[in-house]
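*Asks:* no FASTA, just this:
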Ligand SMILES: [Zn+2]
């Protein structure tokens, strides 16, 4: 499936965001990664399985913790 060398991490991997971007839509605030993950501008993610990953940008977490 993945044409890259080395292969991109799978959508289930912790480092899924390291996959190559195959379609970028900065004007809409999202990009599609090679492993099928949709990565949003706020660091939220939509996995191919339909699971949602909440935004996890370190600066946001610091604000939430305060
Ligand atoms: Zn790839």
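*Replies:* Arrived safely, thanks for sending. It should be emphasised that the depicted structure is a prediction, and the values quoted were computed from it without experimental measurement.
*Asks:* For this structure, which residues are neighbours of the ion?
*Replies:* 2, 4, 8, 20, 34 (CB under 5 Å from the ion). (Glycine included, C-beta is placed from N, CA and C.)
*Asks:* need the helices for the protein, in chain order.
*Replies:* 58-65 (DSSP state H).
*Asks:* Okay, now the unreliable bits of it?
*Replies:* Applying pLDDT under 70 to the chain flags the ranges 59-66.
*Asks:* switch to 50 and redo it
*Replies:* Along the chain, the parts satisfying pLDDT under 50 run over 66.
*Asks:* list the contacts for the residue sitting nearest the centre point of it?
*Replies:* By CA atoms, centre = their mean, the mean C-alpha position of the chain lies nearest to residue 39, the distance being 3.5 Å. If you count contacts by CB atoms under 8 Å, 6 or more residues apart in numbering, residue 39 has them with 17, 21, 30-33, 45.
*Asks:* make it 7 Å
*Replies:* When the contact criterion is CB atoms under 7 Å, 6 or more residues apart in numbering, the partners of residue 39 are 17, 30-31, 33, 45.
*Asks:* what's the farthest-apart pair in the residues you listed?
*Replies:* 17 and 30 (12.8 Å; CB to CB).
*Asks:* Touching, residue 40 and residue 32? I think so.
*Replies:* No: with contacts counted by CB atoms under 7 Å, residue 40 stays clear of residue 32, the gap being 10.9 Å.
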